[in-house]
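# Sequence and predicted model, in that order:
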Amino acid sequence: MQIKPEDFIYTQETNKTFAETVQSVQDEIIKASMRVLYVHDVQKTLTEKGFAREPFKIVEFCSAKFANEFLDKDIKIGLCLPCKINVYVKNKQTFISGLRPIILPQLFPEANLGERPKEIDQIIQNIINNAK
């Protein structure tokens, strides 16, 4: 089966500024009872190395409960943790993109993840929709 990007990436545009969007994403993660672990400033890192890049941040976040459940099923799922939401500017428009956990059963078919990937997928879509 061919996996298409729309099968595992959820993206929305926003009219908010880049900085407002990054803060809004973090606020929505907290409202969803998850924890922001780190915000990577990709633009800053690449600029320091001499590469021009429009604003781009990766917000890493996690639910200890969900992470523990997945790791109990298959420790290799740790390769997909923590969850990430990207906030970036492309052609002067701000976007929010998240990786959809519904892809996990295809990557780890023996893990028997049940409905949890769909549940977390909905949470991530809600975070993105509410942040925009």
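Sure thing, it's come through.

# got any ranges where the protein has weak pLDDT?
1-3, 5 (pLDDT under 70).

# Longest helix in this protein, please.
helix 116-131 (DSSP state H).

# Tell me the helix or strand right after the helix or strand hosting Gln26.
Following DSSP states H and E, one finds Gln26 within helix 18-31. Downstream of helix 18-31, the next assigned helix or strand under DSSP H and E is strand 35-41.

# Sort out which residues of the longest helix of the chain are buried, please.
117, 120-121, 123-124, 127-128, 131 (16 or more other C-beta atoms under 10 Å). No exception for glycine: its C-beta is placed from N, CA and C like everyone else's.

# and which of those is nearest to Gln43?
Nearest to Gln43 among the buried residues of helix 116-131: Ala131, at 18.8 Å, using C-beta to C-beta.

# ok, the closest one touching Thr21?
Yes - between Ala131 and Thr21 a contact is recorded at 6.5 Å, counting by C-beta atoms under 8 Å.

# Now for the two: what residues contact both?
14, 96 (C-beta atoms under 8 Å, 6 or more residues apart in numbering).

# Check the spacing between the residue of the chain positioned farthest from its centre and Cys83 real quick.
Centroid-distance maximum for the chain: Gly50 at 26.5 Å, with C-alpha atoms, centre = their mean. Per C-beta to C-beta, to the nearest Å, Gly50 is found 30 Å from Cys83.

# Likewise for Lys16?
21 Å.

# circling back: now for the longest helix of the chain, which elements pack on it?
strand 9-14, helix 18-31, helix 64-73, strand 83-90, strand 93-99 (3 or more C-beta pairs under 8 Å, 6 or more residues apart in numbering; DSSP states H and E).

# now the angle from that helix to strand 9-14?
10 degrees (axes from the mean of the first three to the mean of the last three C-alpha atoms, to 10 degrees).
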